[in-house]
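Give me the fold of what follows.
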Amino acid sequence: METKITLQPIKYIPIHIDTIQPNEPLPCDLYLKAISRGKVTYSLLKREGERLEVQEKERLLQENIPLLFIRDSEIEKYERYLNRLLGMTDPESRSVLLYQRASLVVRELFEEPLSQFPFLRALWAVDELIKSMVEDEKLLSNLFELMSYDYHTYTHCVNVCLLSLGFSIHLDLRDSMRDIGLGSLLHDIGKRMIDREILEKPGPLTDEEWEQMKKHPLYSFEMLRDVGNVSWIACDIALQHHEKMDGSGYPRGLRGAMIHRFSRMVCIADVFDALTSRRPYREGMRLYDALMLMAEEMGGKLDRELLREFILFLSELSGIKGRG
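Below is the predicted model of the structure:
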């Protein structure tokens with residue numbers, strides 16, 4: 001009897017071009033992404049062991065190509081490369097390496113079989129981000145432009161975590177940063193329970209699909225609760241990050257003070273990143289436009305006092321370019 005072999009499609013993971021050091025041997029093959037008539041293709045740019053020269057990197061950036069791609073099967077090679085670079089780079093370069101490594105940690109939680117170890121890695125990543133942000137006040141502003149590139153669940157989680165941590169420093173909540181950081185980094189982990197076709201659908205969701213999507217905060221809460229060593233504050237952030245002040249949110253329709261203050265903070269960061277990140281079907285909004293929309297059209301849904309502080313927090317960031 002003939003055995004039929006089904007080949008799994010190759011998965012590609014986005015990496016930022018600034019994590020690739022010019023003139024260093026590449027740890028794995030690099031690919032370029034192209035979209036034509038709604039179809040996505042990946043073409044080989046460089047092979048493992050070759051080098052991405054300074055001039056090539058500059059040309060790609062001039063062509064507005066900040067993201068390259070690697071095959072999912074070669075993540076371990078790339079992560080070893082990141083770890084090596086983290087021990088030998090200057091603070092500004094280190095920020096993008098930390099960002100990329102945190103994205104890979106989130107990706108593992110979404111894509112690999114669940115165990116306690118990836119959650120421990122997430123906690124280590126949060127601790128490392130907190131330490132780096134406290135020691136280097138420019139880290140977040142160095143990453144701010146990077147955050148506006150293509151929206152992906154992994155990078156969205158890291159963006160919301162960084163914004164929430166920076167916001168925590170602004171509000172002098174340093175003693176709570178670990179809970180806020182872990183809850184915000186893993187706020188969308190429940191989406192691994194949602195059908196991939198729903199998550200990646202480019203157009204509007206049907207009513208039935210939307211009902212499925214609205215369950216992800218509850219799934220996030222249950223997954224974090226079951227880990228056993230995640231604080232209840234972090235679990236509540238995951239559960240409540242889509243609740244709104246006027247009761248129009250989900251999954252429980254909570255109102256006002258019924259929503260934990262930290263959840264209200266993460267909700268603001270979540271909305272802001274969703275508005276300003278670029279999608280396949282639209283460009284991200286500029287910072288001013290996004291904040292005006294949040295203040296004028298979503299004012300009754302978001303905590304007004306926290307939103308006012310969030311606007312002040314963003315105004316204090318130096319070096320804002322991509323979302324200015």
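
CA atoms for contacts and neighbours, from now on please.
OK.

Which of the three states applies to the nearest residue to Leu44 once chain neighbours are set aside?
Once flanking residues are discounted, Leu44 sits nearest to Tyr31: 4.5 Å by CA to CA, 6 or more residues apart in numbering. Assigned with DSSP: H, G, I helix; E, B strand; the rest coil, Tyr31 falls in the strand class.

which residues of the stretch 1-150 of the chain fall in strands?
Secondary structure of the stretch 1-150 of the chain (DSSP state E, counting those that start in this stretch): strands located at 12-16, 30-36, 39-46, 67-71.

those helices in the protein, which residues are they?
With DSSP state H, the ranges of helices along the chain come out as 54-62, 75-86, 91-111, 116-135, 139-144, 153-170, 177-185, 196-199, 207-213, 216-227, 232-240, 261-276, 287-296, 304-316.

and the fifth one, how far from the chain's centre?
It refers to helix 139-144. Centroid displacement of helix 139-144 relative to its chain, using CA atoms, centre = their mean, to the nearest Å, is 14 Å.

Report the rounded mean pLDDT for that helix.
On average, the pLDDT along helix 139-144 is 82.

That helix - contacts with which helices or strands?
Using 3 or more CA pairs under 8 Å, 6 or more residues apart in numbering; DSSP states H and E, the elements in contact with helix 139-144 are helix 91-111, helix 116-135, helix 153-170.

Please work out which residues outside the second one touch it.
In other words, helix 116-135. The contact list for helix 116-135 (CA atoms under 8 Å, 6 or more residues apart in numbering) reads 98, 101-102, 105-106, 108-109, 139-140, 162, 165-166, 177-178, 181-182, 185, 227.

cool, the longest one as well?
Here helix 91-111 makes contact (CA under 8 Å, 6+ apart) with 15-16, 18-19, 79, 82, 85-86, 118-119, 121-122, 125, 129, 139, 142-143, 154-155, 157-158, 185-186, 189, 191-192.

returning to what we had before: how about the strands of the stretch 1-150 of the chain, which one is nearest His242?
Nearest of these to His242, taken as CA to CA: strand 12-16 at 26.6 Å.

CA-only coordinates of stretch 30-38, as CSV, when you get a sec.
Taking Å, rounded to 0.1, in the frame of the first residue of the first chain, the C-alpha atoms of stretch 30-38 are listed here in CSV:
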residue,chain,number,x,y,z
LEU,A,30,17.3,35.3,4.8
TYR,A,31,14.2,35.9,2.7
LEU,A,32,12.3,38.9,1.3
LYS,A,33,8.5,39.0,1.4
ALA,A,34,6.4,40.3,-1.5
ILE,A,35,2.6,40.6,-1.9
SER,A,36,1.1,40.6,-5.4
ARG,A,37,-2.6,40.4,-6.2
GLY,A,38,-3.2,39.3,-2.6
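
buried set for it?
For stretch 30-38, burial by neighbour count (16 or more other CA atoms under 10 Å) applies to 30-33.

would you put the C-alpha positions of the lowest-mean-pLDDT helix or strand in the chain in CSV?
Ranking every helix and strand in the chain by mean pLDDT, DSSP states H and E puts helix 139-144 at the bottom, with a mean of 82. Output in CSV follows, covering the C-alpha atoms of helix 139-144 (Å, rounded to 0.1, in the frame of the first residue of the first chain):
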residue,chain,number,x,y,z
LEU,A,139,15.4,52.1,25.2
LEU,A,140,11.7,52.6,24.5
SER,A,141,12.2,55.7,22.3
ASN,A,142,14.9,53.7,20.3
LEU,A,143,12.2,51.0,19.7
PHE,A,144,9.2,53.3,19.1
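
Leu26 and Glu48 touch, don't they?
Yes - at 5.1 Å, Leu26 counts as touching Glu48 under the criterion of CA atoms under 8 Å.

quick one, which of the two is more surrounded?
Using other CA atoms under 10 Å as the criterion, Leu26 and Glu48 rank with Leu26 on top: 20 against 11.

What separation do you get for the more buried one and Glu108?
Distance, Leu26 to Glu108, by CA to CA, to the nearest Å: 22 Å.

Can you say which of the strands of the stretch 1-150 of the chain is nearest to Glu243?
So among those, strand 12-16 is nearest, using CA to CA, at 30.3 Å.

just the angle between the closest one and strand 30-36, please?
Relative orientation of strand 12-16 versus strand 30-36 (axes from the mean of the first three to the mean of the last three CA atoms, to 10 degrees): 110 degrees.
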